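Trainee: need coordinates for the following:
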Amino acid sequence: MRNCLLLITALIMASALCPAQTPAPLRVHRQFLYPKEFAPGKPYSPGVLAGKTLYIAGQIDKDPRTGAQPSGIREQTRMAMNSVGHVLHAAGMDFGNVVSCHVQLRDMGQYKDMNEVYGSFFGPDHYPARTTLEFPGLPSGANIEISCTAYADKSKISIVTPPSGAIPPAMGPYRSAVFAGDTLYVSGSGGRTPVTNELDPTLEGQTRQTMENIGQILKAAGLEHKDAVFTNVYYLDPAGPRNGAYARLGSVYKNFFPLGSAPSRAGFLIGKLPGTISVEITFIATRDRKNKGRVVPDSAGLSPTSSNGGVLDDNTLYTSGKSAAGPTLEAQMRGSLETIRGILKLAGMDLENIVNTNVYLKDAAQMDAMNAVYKEYFPKNPPARTTVQVFQDQLIQVQAVAVR
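Mentor: Numbering: from 1, shown residues only. The predicted structure follows:
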C-alpha cells in the first residue's frame, strides 16, 4: 500500500489511511517569535509557539544582538538563560512555563558552576525536566547552548515524582519528568541502580538499567514505555562510532518495545555524560493514547528500535533522525530534508508544518553550508533550531517536530 499512513493506537494495531495529495490547512495556530533583543538575519526562529507549546531554539553564551561573549561559564550560562527569557517573554510566558531543557556543554567539568546559575532562574518548586550533555562542538565557538520547551497553560503543568528509592537521586536542579497537558517530558536518565548507585561496566547493562529507571518514572506518571513518541539516545564509546556500540545498545533497548511500537528516535555518540555513565536516554511520551499514531513509509517497514518515520501525539509529529547519502554536506542536508518531507506528506503535512528542528553536524565548521541549505527549504517563517556537533560517519543528520 504505497504512500499510506500506518496508524497504530491502543485500539487499532495496524490500518492504512491514504492522505490527501496536498497538505491540509493548519489546524493549530502558530506564532514565529523574533524578540527585539535579537539581531536580525538568523536562518531560524528563536522561538515558535504552536498552540500552547513553545519551542525555544538553542541559545548560546553570546549577546543575541552584539555577539559579545562574557568570560567564564557562570556568566556564559546567565547569557544563554537570559536569551531563553527573551523568547519566553515574547510569547507572554516566564520561566515558570518551562517544562523541559537541554543543556549542551563544551566541557562537562563546568557542570557545577552551570548548575548553580541555571537553577537560579527557576523557583525550587518548579524545576523543569532536563538533559545535560557534553558535545565536541557548539555553534560559533560557544561553551554552552540551551534549548527549552515551555507550555502556556501553567494549570496543566505538573511534576511527576517517583517513590523514594525508585530511581537514582537527581544530580542537579531538575525534575525526573514534567507533564505539559498530555505530553510528558522525561529528564535524561542514566544507568545507575537506584539504591546502591552502582554502575554496570557494560554498555548493555547500563542501557537495561537506564530503561528500567525510565520505566519507574513512566509508571509514576501512569504510563509505559510504549507510550513514548520520541527518544534521544546518547552514548560514549572510546573506540569510535564504528565499534558497534550503538548496535549493542539497541539490542537491549528494543526489548522494551513490542515490535511496531518503538518511538521515533535519534541517537549519537558524544563527548561526555554527567558523572561516569556511558548511556543517557531522554523520553517524550503521551497519555493521549487515543490520538497516538505512527507514520511509516512502505519502503521502511517496522523496526524494533525506531518508528523509521514519525510518531504522532495528537496534532504533533516527531520524526526520527534522518540522514542521506551524498558527497557533500549540502547534498546530505537536502536528502535528509527530502526524506523528512516524504514522512510529513504521509501525515498530510509539508515543510511549513515544521516548528522545531535538531541538526547534528559532524563538523561545526560547516555551519555556513548547512545554513545556506536551511534557508533554501525554509525561506520564510523558519522553525526553531538547535545545532550541535557529534561523532558520526555522515556529515549531517536532521530531526524535526511538525504540527498540523
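Trainee: CA atoms for contacts and neighbours, from now on please.
Mentor: Fine.
Trainee: shouldn't A166 be in contact with G215?
Mentor: No - contact criterion CA atoms under 8 Å: A166 and G215 do not qualify, at 9.8 Å.
Trainee: can you give me the helices for the stretch 151-300 of the chain?
Mentor: With DSSP state H, counting those that start in this stretch, the ranges of helices along the stretch 151-300 of the chain come out as 203-220, 245-253.
Trainee: what about A247, how many residues nearby?
Mentor: A count of neighbours around A247, defined by other CA atoms under 10 Å, yields 12.
Trainee: for it, give its distance to E204.
Mentor: The spacing between A247 and E204, counted by CA to CA, to the nearest Å, is 10 Å.
Trainee: try G137
Mentor: In terms of CA to CA, G137 sits 27 Å off from E204.
Trainee: now swap in G215 and tell me
Mentor: Distance from G215 to E204, by CA to CA: 16 Å.
Trainee: neighbour count: G137 and E204, which is higher?
Mentor: G137 (26 against 21).
Trainee: what secondary structure does S45 sit in?
Mentor: Using DSSP: H, G, I helix; E, B strand; the rest coil, the secondary structure recorded for S45 is coil.
Trainee: skipping adjacent residues, who's closest to it in space?
Mentor: Distance criterion CA to CA, 6 or more residues apart in numbering; nearest residue to S45, sequence neighbours excluded, is A384 at 4.7 Å.
Trainee: who's V160 bridged to?
Mentor: A177 (DSSP bridges).
Trainee: for it, what are its contacts?
Mentor: Applying CA atoms under 8 Å, 6 or more residues apart in numbering to V160 gives the contacts 175-179, 217, 220-221.
Trainee: just name the closest of those to F257, please.
Mentor: I217 (16.1 Å; CA to CA).
Trainee: the residue lying closest to T210 once chain neighbours are set aside: what's it in contact with?
Mentor: Distance criterion CA to CA, 6+ apart; nearest residue to T210, sequence neighbours excluded, is G191 at 4.1 Å. By CA under 8 Å, 6+ apart, the contact set of G191 is 199-200, 205-211, 213, 277, 279-280.
Trainee: quick one: which of the helices of the stretch 151-300 of the chain is nearest Y185?
Mentor: Across the helices of the stretch 151-300 of the chain, closest to Y185 is helix 203-220 (CA to CA), at 10.1 Å.
Trainee: which residues touch the closest one?
Mentor: Counting by CA under 8 Å, 6+ apart, 160-163, 166-168, 176-177, 186, 189-194, 199-200, 224-225, 245, 248-249, 251-253, 256, 277-281 sit against helix 203-220.
Trainee: and the helices of the stretch 151-300 of the chain, which is most packed in?
Mentor: Highest mean neighbour count among the helices of the stretch 151-300 of the chain (mean count of other CA atoms under 10 Å): helix 203-220, with a mean of 21.
Trainee: restricting to C-alpha, output that one in PDB.
Mentor: C-alpha atoms of helix 203-220 as PDB (Å, rounded to 0.1, in the frame of the first residue of the first chain):
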ATOM      1  CA  LEU A 203      27.000  -0.700  27.700                       C
ATOM      2  CA  GLU A 204      24.300  -3.300  27.600                       C
ATOM      3  CA  GLY A 205      23.900  -3.400  31.400                       C
ATOM      4  CA  GLN A 206      23.800   0.300  31.600                       C
ATOM      5  CA  THR A 207      21.200   0.500  28.800                       C
ATOM      6  CA  ARG A 208      19.000  -2.000  30.600                       C
ATOM      7  CA  GLN A 209      19.200  -0.200  33.900                       C
ATOM      8  CA  THR A 210      18.600   3.200  32.200                       C
ATOM      9  CA  MET A 211      15.400   1.800  30.600                       C
ATOM     10  CA  GLU A 212      14.300   0.300  33.900                       C
ATOM     11  CA  ASN A 213      14.800   3.700  35.600                       C
ATOM     12  CA  ILE A 214      12.800   5.400  32.900                       C
ATOM     13  CA  GLY A 215      10.100   2.700  33.400                       C
ATOM     14  CA  GLN A 216       9.800   3.800  37.000                       C
ATOM     15  CA  ILE A 217       9.300   7.400  36.000                       C
ATOM     16  CA  LEU A 218       6.700   6.400  33.400                       C
ATOM     17  CA  LYS A 219       4.900   4.200  36.000                       C
ATOM     18  CA  ALA A 220       4.700   7.100  38.400                       C
END
